[in-house]
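>>> Predicted structure and sequence below. I'll ask about it afterward.
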Amino acid sequence: MRLRICTWNVNSVRLRAEQAARFVQEQAPDILCMQEIKCREGEFPVNAFKDMGLPHLKIAGQKGWHGVAIASRLPIEDAPPLDVCREKHARCVGGTIAGVEVHNFYIPAGGDIPDRTENPKFDHKLDFYEKLTAELGKRDPKAPLAIVGDLNVAPGEFDVWNHKYMSKIVSHTPVEIEAFRKMEASLGLIDLTRAVTPEPEKLASWWSYRAADFRKSARGLRLDHILVTPGLREAAWRLGAPASRIHDDVRAWERPSDHAPVSADLVL
């Protein structure tokens, strides 16, 4: 069976419910992991997702801020939690779907100053990565596990519009990239989007609202990721090559999120 996993920072699920329905109709995800839903559990538009054919929900909500959710075509079973947010924000939700453990994250952006001492938000971001890396290091790399979401780091030179400039800006600083790479190495995680589109081709999944035309501005960052354990390598390559893409056309829809969805297919 094909299992299509999508991740999307929707920047308010209630504002984007119609867009989510359009995306689901066009791309037929089996699992839609959303970040920044910006609502509490009881405010989530449950019926809208049932109508989309994604009736199985796992929601970690928070009033006005953050919030993550998984909407699935298939039942969601419990999975060992990876809730590593020291501030107890709603930034992590996980479950097991069709035998695959999926954890959906909205990792802190980190503020504007890339210094742990001067900026508590940046310290929180690195602390989140450190705790997550430690927890992942306890897992079995042969187990079928996916880490997805808005991870708020553009890890590669070609995941930003200008590597030299962005190396001084939060999201692409050397210390953040090191934290991201340590997290990847903890389980030998595979970046499916880059497996399909290797460097030096530039990729982005986020573009600022400040640009009237995001394509013309071309100042995007690849902040949204689908990473899988070696235990899912065979499922990702079963048809000869992984199928993963950034749906940047969605960023051009009316009143879009500033993030585009990212998808990857597994054949189980």
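On my side now, so go ahead.
>>> and stretch 206-222, C-alpha only, in CSV?
In CSV, the C-alpha atoms belonging to stretch 206-222 read as follows (Å, rounded to 0.1, in the frame of the first residue of the first chain):
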residue,chain,number,x,y,z
TRP,A,206,8.8,29.0,3.3
TRP,A,207,8.7,32.6,1.9
SER,A,208,8.1,35.8,3.8
TYR,A,209,4.7,37.5,3.5
ARG,A,210,6.7,40.7,3.0
ALA,A,211,7.4,39.9,-0.7
ALA,A,212,4.4,40.7,-2.9
ASP,A,213,5.6,38.0,-5.4
PHE,A,214,7.4,35.2,-3.6
ARG,A,215,8.6,33.6,-6.8
LYS,A,216,10.1,36.9,-8.1
SER,A,217,11.7,37.6,-4.7
ALA,A,218,13.1,34.1,-4.5
ARG,A,219,14.2,34.5,-0.9
GLY,A,220,12.9,31.2,0.5
LEU,A,221,14.1,28.8,3.1
ARG,A,222,13.6,25.0,3.4
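>>> where does Leu82 land in three-state SS?
coil (DSSP: H, G, I helix; E, B strand; the rest coil).
>>> Which residue comes closest to it once chain neighbours are left out?
His103 (5.1 Å; Cβ to Cβ, 6 or more residues apart in numbering). C-beta here means a position set from N, CA and C on the backbone, and glycine is covered the same way.
>>> what's the following helix or strand after the helix or strand bottoming out on mean pLDDT in the chain?
Within the chain, judged by mean pLDDT, DSSP states H and E, the helix or strand with the poorest mean is helix 214-217; its value is a mean of 93. Proceeding N to C from helix 214-217, the next assigned helix or strand is strand 224-228, under DSSP states H and E.
>>> Okay, buried residues for whatever helix or strand comes next after that next one please.
Later in the chain than strand 224-228, the nearest helix or strand by DSSP H and E is helix 233-237. Of all the residues in helix 233-237, those buried under the rule 16 or more other Cβ atoms under 10 Å are 233, 235-237.
>>> any idea which of those is closest to Ser257?
When the buried residues of helix 233-237 are compared for distance to Ser257 (Cβ to Cβ), Ala236 comes out closest, at 25.9 Å.
>>> Hmm, Pro242 and the closest one touching each other?
Yes - counting by Cβ atoms under 8 Å, Ala236 does reach Pro242; the two are 4.5 Å apart.
>>> what do these two both touch?
The contact sets of Ala236 and Pro242 overlap at 192, 195, 264-265 (Cβ atoms under 8 Å, 6 or more residues apart in numbering).
>>> tell me the helices in the stretch 101-250 of the chain, going along the chain?
Counting by DSSP state H, counting those that start in this stretch, residue ranges of the helices within the stretch 101-250 of the chain are 120-136, 163-166, 174-187, 192-196, 214-217, 233-237.
>>> and the longest one with helix 174-187, angle?
Comparing the axes of helix 120-136 and helix 174-187 via axes from the mean of the first three to the mean of the last three Cα atoms, to 10 degrees yields an angle of 10 degrees.
>>> for helix 120-136, packing partners?
helix 174-187 (3 or more Cβ pairs under 8 Å, 6 or more residues apart in numbering; DSSP states H and E).
>>> quick one: contacts of the helix it packs on?
So helix 174-187 is contacted by 110, 114, 125-126, 129-130, 132-134, 136-137, 139, 141, 145, 147, 151, 153, 155, 167, 170, 189, 191, 227, 229-230 (Cβ under 8 Å, 6+ apart).
>>> Which among these count as buried?
110, 114, 125-126, 129, 132-133, 136, 139, 145, 147, 151, 153, 155, 170, 189, 191, 227, 229-230.
>>> hmm, back to that, and the residue nearest to Leu82, how many neighbours?
Using other Cβ atoms under 10 Å, His103 has 25 neighbouring residues.
>>> Just the pLDDT for it.
On pLDDT, His103 comes in at 98.
>>> In this structure Arg16 contacts Val24, no?
No - assessed by Cβ under 8 Å, Arg16 is found out of contact with Val24, at 11.5 Å.
>>> re earlier: I'd like to know which of the shared contacts of Ala236 and Pro242 are buried.
Burial by neighbour count, 16+ other Cβ under 10 Å: within the shared contacts of Ala236 and Pro242 this picks out 192, 195, 264-265.
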